[in-house]
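Chemist: let me see the structure of the following:
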Amino acid sequence: MPPEDEPLERRARTHAERLAFVREHTASRPVPLVPEISVRVASEVTPLWHATEAWLASRGIDPPFWAFPWAGGQVLARYLLDTPAEVRDLRVLDFASGSGLVAIAAARAGAREVVAVDIDPLAIAATELNAEASGVSVEARAEDVTGHGLADRFDVVLAGDVFYDAAAAARFLPWFRELAASGVRVLVGDPGRTYVPTRGVSCLFRADVPVPLGLESRETLASRVLSVEPMGDVRPTS
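Modeler: Residues are numbered from 1 along each chain as shown. From the prediction side, this is the model:
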């Protein structure tokens, strides 16, 4: 195991190695709710997950959340393609991008600029491969931007399936509300996770999203696109 204080870039080795790993362990498949877009996914959930964990454990990197089309990302990508005015000609940030699905949908919907950020370097590799295969321009960065003021850089912030635990919700939601108060449009895709806010959000779109049975213990999840309201606006969702 590499020393804990070794730089992440060295523990993860090279970007070329990460690109090769994503290619080797995934296959490009159409996204169930968004068949216009294909992303690289695990053909079998458990074998890839364990193979990836073994590879990542020696390099100090997180599990491969980028390898599956999560329901929150699917519903948000569907909404953007069906409602392109949300991002057309605007500067867009896809937060916790994972596979880059939502970023790709934003680019296809006509966004002027799309930046995808994720703290996992393998997610950045996957996003680059998926965007290239889709023929769109997405700038992918391994960066944690939580808490940063982004109103001068982006018009829209997109986030798919980010309320997965209490710590994440406590960290992300106040930041989303601050962004909304500064004039940034914040759209979240969520499949009814336990910690999704029930007040101070507006529901824009609903869909039943096909999901891998091995991940969610069911074949579909009722999912929504939510607009996050500024701090102080506590209207209940509908």
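Chemist: stretch 213-221: which residues count as buried?
Modeler: By neighbour count on 16 or more other C-beta atoms under 10 Å, the buried set for stretch 213-221 is 215-216, 220-221. C-beta coordinates here come from the backbone N, C-alpha and C atoms, glycine included.
Chemist: the residues you listed: which two are farthest apart?
Modeler: Maximum pairwise distance in these, criterion C-beta to C-beta, is 12.2 Å, between Leu215 and Thr220.
Chemist: quick one: the helices in this structure?
Modeler: In the chain, the helices defined using DSSP state H lie at 8-11, 15-25, 45-57, 71-82, 101-108, 121-134, 166-181, 213-216.
Chemist: and Gly100, how many neighbours?
Modeler: Other residues within reach of Gly100, judged by other C-beta atoms under 10 Å, total 33.
Chemist: for it, which residues are in contact?
Modeler: Applying C-beta atoms under 8 Å, 6 or more residues apart in numbering to Gly100 gives the contacts 39, 94, 116, 123, 126-128, 130-131, 138, 140.
Chemist: switch these over to JSON lines; also include distance to Leu76 and pLDDT.
Modeler: Formatted as JSON lines, the contacts of Gly100 follow (distance: C-beta to C-beta, whole Å; pLDDT from 0 to 100):
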{"residue": "Val39", "distance to Leu76": "14", "pLDDT": "97"}
{"residue": "Asp94", "distance to Leu76": "9", "pLDDT": "98"}
{"residue": "Ala116", "distance to Leu76": "13", "pLDDT": "98"}
{"residue": "Ala123", "distance to Leu76": "16", "pLDDT": "94"}
{"residue": "Ala126", "distance to Leu76": "17", "pLDDT": "96"}
{"residue": "Thr127", "distance to Leu76": "15", "pLDDT": "98"}
{"residue": "Glu128", "distance to Leu76": "20", "pLDDT": "98"}
{"residue": "Asn130", "distance to Leu76": "15", "pLDDT": "98"}
{"residue": "Ala131", "distance to Leu76": "16", "pLDDT": "98"}
{"residue": "Val138", "distance to Leu76": "15", "pLDDT": "98"}
{"residue": "Ala140", "distance to Leu76": "17", "pLDDT": "97"}
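Chemist: mind putting those into a markdown table with neighbour count and distance to Phe21?
Modeler: A markdown table is the format used below for those (neighbours: other C-beta atoms under 10 Å; distance: C-beta to C-beta, whole Å):
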| residue | neighbour count | distance to Phe21 |
| --- | --- | --- |
| Val39 | 28 | 16 |
| Asp94 | 32 | 22 |
| Ala116 | 32 | 18 |
| Ala123 | 27 | 12 |
| Ala126 | 32 | 10 |
| Thr127 | 30 | 14 |
| Glu128 | 19 | 13 |
| Asn130 | 30 | 14 |
| Ala131 | 23 | 17 |
| Val138 | 23 | 20 |
| Ala140 | 24 | 16 |
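Chemist: for Leu101, state which of the residues you listed is nearest.
Modeler: Closest to Leu101, out of all of the contacts of Gly100 and judged by C-beta to C-beta, is Val39, at 5.5 Å.
Chemist: thank you kindly, that will do.
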